[in-house]
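*Asks:* Would you be able to build a 3D model of this:
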Amino acid sequence: MYMTRALPVERRKQEAKKEAMNSMNDVFTDEVLQELFPAERANDFFEALFGDANEGAYDISLSFQGHDEQSNSLHFNLDLHERPGCCLACNLTSGLPEVFSRHKVINIQGLVSDVEKRLGGEAKCGTWKLGRTQQPAKSLHFIPLQIDLT
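*Replies:* Below you'll find the model as predicted:
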């Protein structure tokens with residue numbers, strides 16, 4: 001007769017939590033990311049900043065980078081895509097983490113609250129932080145967003 005050993009309760013909880021977190025890619029689909037950070041928000045940002053949305057040098061989108069199991073945190077990027085005929089220069093984007101963290105149109109705190117709602121009670125969002133602007137390509141910069149889960 002074949003018998004399986006029951007996993008200790010704590011280990012079953014850890015396995016269930018791990019499985020739930022591994023499904024984060026299913027939660028944060030491209031469609032959901034666009035709902036969390038609509039494309040129009042970049043125009044609203046530049047309208048507030050310059051008085052004209054056409055003055056902006058980039059569009060902003062949200063991308064999901066994954067769940068770090070060790071730190072129990074979610075990682076997103078605010079991707080800055082150069083607009084046609086514009087220049088996405090480092091001097092335009094290096095100070096953005098500080099600006100984005102406080103700007104009412106970008107509304108990172110509201111974004112974090114919306115992310116928590118998408119977690120469906122599986123986890124709660126704790127503290128968040130924006131990292132330094134990165135430049136993987138001439139026409140693409142990104143600002144990392146880390147959200148710690150509780």
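
*Asks:* what element comes up after the helix or strand hosting residue 117 heading to the C-terminus?
*Replies:* Using DSSP states H and E, the element containing residue 117 is helix 108-118. Past helix 108-118, further along toward the C-terminus, the next helix or strand under DSSP H and E is strand 125-130.

*Asks:* Buried residues in that following strand, which are they?
*Replies:* For strand 125-130, the neighbour count (16 or more other C-beta atoms under 10 Å) marks 125, 128, 130 as buried. In this view, the C-beta of every residue, glycine as well, is placed from N, C-alpha and C.

*Asks:* For residue 147, list the residues it contacts.
*Replies:* 73, 74, 75, 76, 112, 115, 125, 126, 127, 128 (C-beta atoms under 8 Å, 6 or more residues apart in numbering).

*Asks:* what's across from the last one in the sheet?
*Replies:* Taking DSSP bridges as the rule, residue 128 bridges to residue 147.

*Asks:* pretty sure it contacts residue 148?
*Replies:* Yes. Using C-beta atoms under 8 Å, residue 128 makes contact with residue 148 at a distance of 7.0 Å.

*Asks:* Leaving out the residues flanking it, which one is nearest to the residue sitting nearest the centre point of the chain?
*Replies:* What sits nearest the mean C-alpha location of the chain, by C-alpha atoms, centre = their mean, is residue 76, with 2.9 Å. Nearest residue to residue 76, sequence neighbours excluded (C-beta to C-beta, 6 or more residues apart in numbering): residue 145, at 4.4 Å.

*Asks:* same question, residue 97
*Replies:* Counting by C-beta to C-beta, 6+ apart, residue 130 is the residue found nearest to residue 97 once chain neighbours are left out, at 4.0 Å.

*Asks:* what sits against that neighbour?
*Replies:* Residue 130 touches 78, 97, 98, 100, 101, 108, 143, 144, 145, counting by C-beta under 8 Å, 6+ apart.

*Asks:* switch to 6 Å and redo it
*Replies:* Applying C-beta atoms under 6 Å, 6 or more residues apart in numbering to residue 130 gives the contacts 97, 101, 143, 145.

*Asks:* wait, doesn't the third one sit right on residue 133?
*Replies:* I take that to be residue 143. Yes. Using C-beta atoms under 6 Å, residue 143 is in contact with residue 133, at 5.4 Å.

*Asks:* Common neighbours of those two, please.
*Replies:* Taking C-beta under 6 Å, 6+ apart as the contact rule, residue 143 and residue 133 both touch residue 96.
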